[in-house]
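In: attaching a predicted model along with its sequence, questions to come.
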Amino acid sequence: QAYSGTPPEEKEKIVWVRFENADLNDTSRNMEFHEIHSTGNEPPLLLMIGYSDGMQVWSIPISGEAQELFSVRHGPVRAARILPAPHISAQKCDNFAEKRPLLGVCKSIGSSGTSPPYCCVDLYSLRTGEMVKSIQFKTPIYDLHCNKRILVVVLQEKIAAFDSCTFTKKFFVTSCYPCPGPNMNPIALGSRWLAYAENKLIRCHQSRGGACGDNIQSYTATVISAAKTIKSGLTMVGKVVTQLTGTLPAGGSEEELLAPSNLRRSPLVPGIVTIIDTHTVAEGQVLVSEDSDSDGIVAHFPAHEKPICCMAFNPSGMLLVTTDTLGHDFHVFQILTHPWSSSQSAVHHLYTLHRGETEAKVQDISFSHDCRWVVVSTLRGTSHVFPINPYGGQPCVRTHMSPRVVNRMSRFQKSAGLEEIEQELTSKQGGRCSPVPGLSSSPSGSPLHGKLNSQDTYNNFTNNNPGNPRLLPLPSLTVVLPLAQIKQPMTLGTITKRTGPYLFGAGCFSIKAPCKSKPAPQISPSKSVGGEFCVAAVFGSSRSWFANNSGLKREKDQSKQFVVESLYIISCYGSLVEHVLEPRPLSTAPKISDDTPLEMVTCPRASWTLVRTPQWNELQPPFNANHPLLLAADAVQYYQYLLAGLVPPGSPGPITRHESYDSLASDHSGQEDEEWLSQVEIVTHTGPHRRLWMGPQFQFKTIHPSGQTTVISSSSSVLQSHGPSDTPQPLLDFDTDDLDLNSLRIQPVRSEPVSMPGSPRPAAERRAGSTVIDAAS
């Protein structure tokens, strides 16, 4: 319609957009996707759109035909989640198994109707259409998060977590740092860990490492900061003048007087992150204080100097990306935990992703499945694509131009022994300036760096333990600039010049124009929508092949392996665009090698118009049994029952392996058998688990005492190496009372000259003298 010139239909106003992870696209628990590489069966994209009246759920399978799964108009929705089937075991059953899948919704008018707006979470069954649970709160809810074990409700400065099987309260946090927005209380929920912004730094729980100082102030930043300084100086002058002339409003002066006293009473510290383990944390309130123990606290560290605005874990849950309210730099941390306490954990600041010098609020962070790419979207409508490595180091041709993740060190670096050389250098120089990533320490001159002492470095090298990543030296910090910045256009037609749309499904067309085609002039979204422009991004397999090659089969297209998955971006106009990302070596580089930096070409390939019009019918539960969300929930629940060793409900008569075991283990023998088995395990594996070759390396040498026989330990100073090639052993004190040092020949015995062929020595002497070579020399 936009191209034919007919007047466009009225569209409903979109308030928020989000890509959802649910049972439908859960590759780890949905058996349908376990044979991805053989069948070509890939998970669909699941997309949620929140309107000013109601919400909508879309699925875009690999075929590219968008399918509407849910649509309702029941007033504005602030947050919604499709809850995944919970993790169950023999001890823990799912109370709502026959009602799943469940949709958690936070609406302006809750189920009770009397409570204030956005103050309750209603859980609806998509199978039966009824509301199965309502959780009421006194203050407004800002967001919902969920995983296989908990449902997390985010309130202002508070977090409440509920069990996924029973929806009873598990734990709550009340010490969150207030953020101005768009996320009022930013959190990140992985498969097990929960990260949130703490309002103070507790030294006894602080982890090693944390944020390093960003020493990358460009010319633009200097100019901007200078302008801010001038502005603040003028403001102060203005205040002094008004105070002298007595024209300051009364309210203002009271606020000025009250502010410092509040700060003195409870100094809130911005930029602190606490990560808790949702499995082991105690029930009730989670309190990080000097008096509390560190049960369940995984890490506690400073991430920024400004308040935190947005956070996200990568798919494995080991990397955490944090952004602050300024939005200049985004930090990537690697979390290395210690089972004892959070103060023993290490937080490696691997990357600073530098966006720019202007302020921007981050609304969405998304990782690729292999964690080599991260996309950060701001409220200006721009998505920034950064290359990273899960283990740190500079992204280059070797790391990002192959379809698979490569090791941290190339074969050449390993075989050349560069690591050992660098290690010796860093140990001598105090671990500061190493060009090899992962070996030099990060710049610890930052005020945020705590708990870095020389004792750790000494222990690390004297204990012959350079491999413990929690100990120093910390890996070096890498500053990465975005390889691509994709800005969402105002309308679909301004993406690129069109050469004939191929319409199918829910209004999808393919854009066949080359990447070089010049986009039409864009209206800046910041002027049109009050400066805020909601977008969401996700990585996924390409779906544009169907539009371009409708006659070809899928297998032929799959033979060409893409280095990067396609990037899907949905804007607040309801247009979902697939962008193809093609990284390549820097074109200005004189010679292409493994370490050549990257550049990227992006090109929009296909688009779906998913925004609904007021004339569309609603699509409400109860749904049929063949609805995709219900089929996925059934498949995952069945798999969960099998994993837990339980009989799935409604399964046929034949006895499963678990059931037959239960029937054989009768009541009188079951307990004893289990106890006996556990004892066998313990007795046969008496510790310590130490391989013989992991022990210390001994050197045995003969000592000729002149007076008495003395036994000396192999590591005493008397046995210091005699050859120049031996490594020096650490000096250990030993008892000198009963040891006559004068009786020992400390000086090495002079070696006799080796007999050479043709030497003038007698033959008899040559025959008698044999050459002994020390194996250690």
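Out: Cool, got the structure.
In: residue ranges for the strands of the stretch 501-650 of the chain, please.
Out: Using DSSP state E, counting those that start in this stretch, the strands of the stretch 501-650 of the chain run over residues 508-510, 536-540, 566-570, 575-585, 598-609.
In: so residue 142 makes contact with residue 158?
Out: No. If you go by C-beta atoms under 8 Å, residue 142 and residue 158 don't touch, sitting 9.9 Å apart. To be clear about C-beta, it is placed using only N, CA and C from the backbone, and glycine gets the same treatment.
In: out of these two, which sits in the busier spot?
Out: Regarding residue 142 and residue 158, a neighbour count based on other C-beta atoms under 10 Å identifies residue 142 as having more, with 22 against 17.
In: tell me which strands the helix or strand containing that one pairs with, and in which orientation.
Out: Using DSSP states H and E, residue 142 sits within strand 141-146. Looking at strand 141-146 with DSSP bridges, its partner strands are strand 150-155 (antiparallel).
In: average model confidence for the partner strand?
Out: Mean pLDDT, strand 150-155: 95.
In: got the contact list for that strand?
Out: Strand 150-155 is contacted by residues 81, 83, 104, 121, 135, 137, 139-146, 159-164, 167, 170, 184-185, 187, 189, 194, 278 when judged by C-beta atoms under 8 Å, 6 or more residues apart in numbering.
In: and the following helix or strand past it with strand 141-146, angle?
Out: Next along the chain after strand 150-155, taking DSSP H and E as the criterion, comes strand 158-163. Here the directions of strand 158-163 and strand 141-146 differ by 30 degrees (axes from the mean of the first three to the mean of the last three C-alpha atoms, to 10 degrees).
In: after strand 158-163 comes which helix or strand?
Out: Going down the chain from strand 158-163, the next helix or strand is strand 169-173, by DSSP H and E.
In: any idea of the mean pLDDT for that following strand?
Out: 94.
In: could you give the angle of it to strand 150-155?
Out: Taking the same axes, to 10 degrees, strand 169-173 and strand 150-155 form an angle of 40 degrees between their directions.
In: ok, the next helix or strand after strand 169-173: who's next to it in the sheet?
Out: Downstream of strand 169-173, the first helix or strand assigned by DSSP H and E is strand 187-189. Strand pairing for strand 187-189, determined by DSSP bridges: strand 193-198 (antiparallel).
In: can I get the CA coordinates of the strand it pairs with in PDB?
Out: This file holds the C-alpha atoms of strand 193-198, laid out as PDB (Å, rounded to 0.1, in the frame of the first residue of the first chain):
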ATOM      1  CA  TRP A 193      22.500 -16.000  38.000                       C
ATOM      2  CA  LEU A 194      20.700 -12.700  38.600                       C
ATOM      3  CA  ALA A 195      22.600  -9.400  38.300                       C
ATOM      4  CA  TYR A 196      21.300  -6.100  39.600                       C
ATOM      5  CA  ALA A 197      22.500  -2.600  40.400                       C
ATOM      6  CA  GLU A 198      23.400  -2.400  44.100                       C
END
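In: give me the contacts around it.
Out: For strand 193-198, using C-beta under 8 Å, 6+ apart, the contacting residues are 152, 159, 161, 173, 175-177, 179, 185-189, 270-278, 288, 298, 300, 307-308, 311, 313, 317, 320, 335.
In: dump the strands of the stretch 501-650 of the chain to JSON lines, plus distance to residue 470.
Out: Listed next are those as JSON lines, based on distance: least, C-beta to C-beta, whole Å:
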{"stretch": "strand 508-510", "distance to residue 470": "49"}
{"stretch": "strand 536-540", "distance to residue 470": "31"}
{"stretch": "strand 566-570", "distance to residue 470": "34"}
{"stretch": "strand 575-585", "distance to residue 470": "32"}
{"stretch": "strand 598-609", "distance to residue 470": "31"}
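In: nearest to residue 22, out of the ones you listed?
Out: strand 536-540 (13.2 Å; C-beta to C-beta).
In: and the closest one, what does it pack against?
Out: Under the contact criterion of 3 or more C-beta pairs under 8 Å, 6 or more residues apart in numbering; DSSP states H and E, strand 536-540 touches strand 14-19, strand 362-367, strand 373-378, strand 566-570.
In: return the distance of the closest residue to residue 176 other than its chain neighbours relative to residue 173.
Out: Spatial nearest neighbour of residue 176, excluding adjacent residues (C-beta to C-beta, 6 or more residues apart in numbering): residue 157 at 4.7 Å. Remark: distance between residue 157 and residue 173 (C-beta to C-beta, to the nearest Å) = 9 Å.
In: before we move on, what about residue 588?
Out: Counting by C-beta to C-beta - residue 588 and residue 173 are separated by 49 Å.
In: between the two, who's got more neighbours?
Out: Taking residue 588 and residue 173 together and counting by other C-beta under 10 Å, residue 173 has the greater number of neighbours (25 against 7).
In: quick one on the thing from earlier: okay, and the common contacts of residue 142 and residue 158?
Out: residue 185.
In: which parts of the chain are helices?
Out: Applying DSSP state H to the chain gives helices spanning 36-39, 219-245, 250-265, 397-400, 411-415, 418-429, 454-462, 525-528, 545-548, 554-559, 628-643, 657-664, 667-684, 763-768.
In: check contacts around residue 623.
Out: Applying C-beta under 8 Å, 6+ apart to residue 623 gives the contacts 126, 127, 629, 630.
In: hmm, 7 Å instead?
Out: By C-beta atoms under 7 Å, 6 or more residues apart in numbering, residue 623 lies in contact with 126, 127, 630.
In: where does the stretch 101-250 of the chain dip in pLDDT?
Out: The stretch 101-250 of the chain contains residues with pLDDT under 70 at 110-114, 213-250.
In: mind redoing it with 80?
Out: For the stretch 101-250 of the chain, applying pLDDT under 80 flags the ranges 110-115, 181, 213-250.
In: next: the stretch 601-750 of the chain.
Out: In the predicted model, the stretch 601-750 of the chain carries pLDDT under 80 at residues 649-701, 705-750.
In: do that again at 50, thanks
Out: The stretch 601-750 of the chain contains residues with pLDDT under 50 at 653-672, 683-686, 713-725, 727-737.
In: where does residue 287 land on pLDDT?
Out: On pLDDT, residue 287 comes in at 87.
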